[in-house]
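Undergrad: sequence and predicted structure are below.
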Amino acid sequence: MKMPLAIRRWPFAVLFFFASIGLADQRVDIVITGGTVVTMAGPNIDNGGVAIDKGKIVAVGDVSAYRGKETIAAHGNAIVPGFINTHTHAAMVLFRGIADDRDLMDWLTHFIFPAEAKNVSPDFVKWGTRLAAAEMIQSGTTTFTDMYYFESEVADEAKRAGLRAVVGETLIDFPAPDNKTWDAAFDYIRAFVKKWQGDPMITPALAPHSPYLVSREHLQQTRKLADELHAPILIHVSETKNELQQVAEKQNGMLPGIYLDSIGFLGHDVVAAHGVWLTADEIRIFAQKGVGVAHCPESNMMLASGMAPVVDMRRGGVNVGLGTDGPAGSNNNLDMVEEMASAARLQKIAKMDPKALSGRDVLEMATIGGARVLGMQDKIGTLEPGKRADVVIVNLQQAKTQPVYSVESAIVYAASGSSVTTTICDGKILMRDRKVLTVDVPAALAKAKQYRDQVLKSLR
């Protein structure tokens, strides 16, 4: 750092004195030192660090010239970008375990939709999101993409917890917990988007449920409104064979991706969850239109939906991120580290090739890949100067991760969400040494138990 001319004229002894007490060091908010920095923008940096100031990364690698108001030693551990969950229904943590071991339509129609109709309220969503925020912070997620009801409550809780979020208000062709008619939902979502648009941490989105639960006319209205408001769209696409059958019966035999393209719905602002049964033609269309895909391997396994053609999508130029899906029978947790391991292993089976998807590949999908899906690659997803400071430290000094020959292997195949020791989002420390600082975890746990009793009573 070049010293001002006046200071350079001071006697050497004076300069040495000030340097010795640290005045010559650059003061920043946080300095992380001594870890293996997995930048996801280039080679890993051994015994490196990250300097953070005013919410941004200011240096990566050698941070010896920086002094932080807070210093975090990461010796022997991994410093990685915060994980990006590209598809979930966060408040559904309050339905966790309500109906396991069922296929999607049975799970939805006989359990989830009835339970939601009787229980989901603004307060339910608030407390569910609060519990989910704690879980995500504890497992290193700094950005999540949500699709549910009363999404303004989700946005409020995300901000309260210090998380970055894309929040999609659900649109569906039957009465929902927050809006009983399509017109009411449309009015709500317009006001919702305008309320949150421009917030530095919250991106409001439109979330038509799927091409089989939202009509052609309503999908086209959604597309028009998204264009008008410059808001992204979240939607489930090609998740199950049953969906393919339903869409084909209503749309002259067309596949979901082909159908959505035919009505002018697809674009670079669309995040399609699942894509399990996408064909080569649909993959080509998604790549051409810039549609991102949120791959949810554990949900796809849990509901026996199938194995998404992730390798083919990536080779075909489609941006693919990772998502946990909802934590209520389609996954049951929000652990992105576990999701990475499942994604890699599932593709090895799908392709019968152990090299199909590597540990590095899925770590990329959970970080910069997810950022590309959300159109946020200029802000987050890698550790580089100028980007927002979303940073996670993963403990590699555990029995289950030692010895370490490959940091990526240790994170993906040996660690778990509970290996995360520190979570930082936008330069704010959300968890340090496994202590969550921005959510009252005991209160959220107590409220979850109260809601469990309420839900059970409502379903009798």
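TA: Arrived safely.
Undergrad: helix or strand right after the host helix or strand of G49?
TA: Assigned by DSSP states H and E, G49 falls within strand 45-53. For strand 45-53, the following helix or strand on the C-terminal side (DSSP H and E) is strand 56-61.
Undergrad: mind giving me the packing neighbours of that following strand?
TA: Where contact means 3 or more C-beta pairs under 8 Å, 6 or more residues apart in numbering; DSSP states H and E, strand 56-61 is packed against strand 26-37, strand 45-53. In this view, the C-beta of every residue, glycine as well, is placed from N, C-alpha and C.
Undergrad: quick check: phi and psi at the most centrally placed residue in the chain.
TA: Nearest to the mean C-alpha position of the chain, by C-alpha atoms, centre = their mean, lies N85 at 1.7 Å. Per-residue torsions, N85: phi -90, psi 110 (degrees, to the nearest 10).
Undergrad: follow-up on the earlier one: could you tell me how far the strand holding G49 lies from the centre of the chain?
TA: Relative to its parent chain, strand 45-53 has a centroid offset of 23 Å by C-alpha atoms, centre = their mean, to the nearest Å.
Undergrad: read off the pLDDT value for G329.
TA: Predicted confidence (pLDDT) for G329: 75.
Undergrad: okay, now it: neighbour count?
TA: Applying other C-beta atoms under 10 Å, we find 24 residues neighbouring G329.
Undergrad: returning to that earlier point: I'd say the residue nearest to the centre of the chain and M147 touch.
TA: No. Using C-beta atoms under 8 Å, N85 makes no contact with M147, being 11.4 Å away.
Undergrad: quick revisit: pipe the helices and strands packed on strand 56-61 into JSON lines and attach distance to A341, mean pLDDT and mean neighbour count per row.
TA: What follows is these, written out as JSON lines (distance: least, C-beta to C-beta, whole Å; pLDDT from 0 to 100; neighbours: other C-beta atoms under 10 Å):
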{"stretch": "strand 26-37", "distance to A341": "19", "mean pLDDT": "98", "mean neighbour count": "21"}
{"stretch": "strand 45-53", "distance to A341": "24", "mean pLDDT": "98", "mean neighbour count": "21"}
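Undergrad: which one of those strands lies nearest to W182?
TA: strand 45-53 (44.9 Å; C-beta to C-beta).
Undergrad: what packs against the closest one?
TA: strand 26-37, strand 56-61, strand 66-73, strand 78-81.
Undergrad: what sits up against the second one?
TA: Just to be clear, that refers to strand 56-61. Here strand 56-61 makes contact (C-beta atoms under 8 Å, 6 or more residues apart in numbering) with 26, 28, 37, 39, 45, 48-52, 65-66, 383-389, 391, 427.
Undergrad: kindly report the same for the last one.
TA: Strand 78-81 is contacted by residues 32, 35-40, 48-50, 140, 363, 367-368, 380-383, 390-394, 396, 407, 410-411 when judged by C-beta under 8 Å, 6+ apart.
Undergrad: run through the strands of the stretch 301-450 of the chain in chain order.
TA: Applying DSSP state E, counting those that start in this stretch to the stretch 301-450 of the chain gives strands spanning 320-322, 391-394, 420-425, 428-432, 435-436.
Undergrad: kindly reformat the ones you listed as CSV containing mean pLDDT and mean neighbour count.
TA: Output for the strands of the stretch 301-450 of the chain, formatted as CSV (pLDDT from 0 to 100; neighbours: other C-beta atoms under 10 Å):
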stretch, mean pLDDT, mean neighbour count
strand 320-322, 98, 28
strand 391-394, 98, 27
strand 420-425, 98, 26
strand 428-432, 98, 21
strand 435-436, 98, 14
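Undergrad: figure out which of these is closest to S458.
TA: strand 435-436 (29.8 Å).
Undergrad: report the strands that pair with that closest one, each with its relative direction.
TA: strand 428-432 (antiparallel) (DSSP bridges).
Undergrad: quick one on the thing from earlier: dump the helices and strands packed on strand 56-61 into a markdown table; add distance to K447 as well.
TA: Listed next are the helices and strands packed on strand 56-61 as a markdown table, based on distance: least, C-beta to C-beta, whole Å:
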| stretch | distance to K447 |
| --- | --- |
| strand 26-37 | 31 |
| strand 45-53 | 33 |
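Undergrad: among these, which is nearest P354?
TA: It is, among the helices and strands packed on strand 56-61 and with distance given as C-beta to C-beta, strand 26-37, at 24.6 Å.
Undergrad: what is the closest one packed up against?
TA: strand 45-53, strand 56-61, strand 66-73, strand 78-81, strand 391-394.
Undergrad: and that strand, how far out from the chain middle?
TA: For strand 26-37, the distance to the chain centre is 25 Å (C-alpha atoms, centre = their mean).
Undergrad: again with stretch 90-105
TA: The answer for stretch 90-105 is 19 Å, by C-alpha atoms, centre = their mean.
Undergrad: ok so, going back, out of the helices and strands packed on strand 45-53, which gets nearest to I258?
TA: Short answer: strand 78-81, nearest of these by C-beta to C-beta, at 34.9 Å.
Undergrad: keeping just the C-alphas, turn the closest one into PDB.
TA: The C-alpha trace of strand 78-81 is given here as PDB (Å, rounded to 0.1, in the frame of the first residue of the first chain):
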ATOM      1  CA  ALA A  78     -11.100 -25.200   4.300                       C
ATOM      2  CA  ILE A  79     -12.300 -21.700   3.400                       C
ATOM      3  CA  VAL A  80     -15.000 -21.900   0.700                       C
ATOM      4  CA  PRO A  81     -17.700 -19.800  -0.900                       C
END
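Undergrad: sheet partners, orientation included, of that strand?
TA: strand 26-37 (parallel), strand 391-394 (antiparallel).
Undergrad: residues in contact with the last one?
TA: Think strand 391-394. 32, 35, 50, 52, 57, 72, 74, 77-83, 140, 142, 337, 383, 411, 415, 419-424.
Undergrad: out of the helices and strands packed on strand 56-61, flag the one nearest K348.
TA: That would be strand 26-37 among those, by C-beta to C-beta, at 25.3 Å.
Undergrad: so that closest one versus strand 45-53, what angle?
TA: 150 degrees (axes from the mean of the first three to the mean of the last three C-alpha atoms, to 10 degrees).
Undergrad: I am finished for the moment; much appreciated.
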